[in-house]
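structure here, sequence nowhere to be found:
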Ligand SMILES: [Fe+2]
């Protein structure tokens, strides 16, 4: 339930405004002047403020100015209840960062619509901010891991982009695409446990080293499992080296037994590895990499997914040529 701080010195109007808001399901904390509202602000931590302008002790402008200086009040939506005679004060209020005006006398709907739309915008902004912060943290983590691996600079972010393009082309839901967005970044998170000497060995690996290298899938899944909000990315981490014909690792799953997140990741991961320069081989041209994928259709890769991926890449190649 959203919490609304109300400051209004007119008893009648305060009671009426409170009743309108409470009838619509809001929790209202009402005060007869700006000073009392300000003193209660931090304890209440409201989601929105509705304030009169002319009030004793601290008027609406002074309340707005004081609230904006508080850490928890800097972005809280602030609405003025204003008499028409205060029209000239609009400029002043805008400069102080007011979000909206409701002119007295107002209808219940005028107030409720203004409150609802401000709260929704605030919620959307918060969701966007926390999603961005979440992604930035994961990008940082992915870049830290990648920095240990001399062969894969720029790989994770490129792979994330083409994974997203493929997910969209396959018609995955927005919720699935949000998980894909960080799952693709994290797919090699287990490499944090791979010794540098194995990770950056220039020549072929011994059978033991191959096992150590392969362990990054299982090790990554363990890391992911311990963090609840990252857990949905586990199939990307655990299954991106499985193969359609069952010759992959760590579980040797076959065909549709492999979670689709792993099947998708396998395609974009291999494709990016083929077209990128490595110390022991130069990246191959995109056309040749696509032919490699075609040959792997039904052996290494999910035949339907790889078809969609190839079409996407062909379109891109045509656009750039
Ligand atoms: Fe990997």
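That came through, no problem. Please read all numbers here as calculations on a predicted model, not as lab measurements.

buried residues in stretch 98-105, which are they?
98, 99, 100, 101, 102 (16 or more other CB atoms under 10 Å). Backbone N, C-alpha and C define where each C-beta goes, glycine included.

redo those residues as TSV? Include pLDDT and secondary structure.
Conversion of the buried residues of stretch 98-105 to TSV gives the following (pLDDT from 0 to 100; DSSP: H, G, I helix; E, B strand; the rest coil):
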residue	pLDDT	secondary structure
98	78	coil
99	80	coil
100	80	strand
101	81	strand
102	84	strand
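
neighbouring strands - and their directions - for the helix or strand that residue 79 is a member of?
Residue 79 belongs to strand 78-83 when assigned by DSSP states H and E. Its sheet considered, strand 78-83 pairs with strand 48-52 (parallel), strand 100-104 (parallel) by DSSP bridges.

average pLDDT across stretch 143-158?
The pLDDT scores in stretch 143-158 average 73.

quick one: it to chain centroid distance?
On the basis of CA atoms, centre = their mean, to the nearest Å, stretch 143-158 sits 21 Å off its chain's mean C-alpha point.

can you get me the start-to-end distance on it?
12 Å (CA to CA, to the nearest Å).

packing partners for the helix or strand in which residue 140 is found?
Taking DSSP H and E as the definition, residue 140 sits inside helix 108-148. Here helix 108-148 touches helix 11-23, strand 48-52, strand 78-83, strand 100-104, helix 155-169, helix 174-186, going by 3 or more CB pairs under 8 Å, 6 or more residues apart in numbering; DSSP states H and E.

let's go with 10 Å and repeat that
On a contact count with 3 or more CB pairs under 10 Å, 6 or more residues apart in numbering; DSSP states H and E, helix 108-148 meets helix 11-23, strand 48-52, strand 78-83, strand 100-104, helix 155-169, helix 174-186, helix 196-199, helix 216-225.

so that helix versus helix 216-225, what angle?
If you take axes from the mean of the first three to the mean of the last three CA atoms, to 10 degrees, helix 108-148 sits at 150 degrees to helix 216-225.

so residue 194 sits against residue 211, correct?
No. Using CB atoms under 10 Å as the test, residue 194 is too far from residue 211 to be in contact (11.0 Å).

mind checking which of the two has more residues around it?
Each of residue 194 and residue 211 has its neighbours counted (other CB atoms under 10 Å); residue 194 has more, 21 against 12.

residues contacting the nearest residue to that one once chain neighbours are set aside?
Closest residue to residue 194 apart from its sequence neighbours, by CB to CB, 6 or more residues apart in numbering: residue 216 at 5.4 Å. Taking CB atoms under 10 Å, 6 or more residues apart in numbering, we find residue 216 in contact with 145, 187-194, 198-199, 237, 240-241, 250.

against residue 191, how distant is residue 216?
Distance, residue 216 to residue 191, by CB to CB, to the nearest Å: 5 Å.
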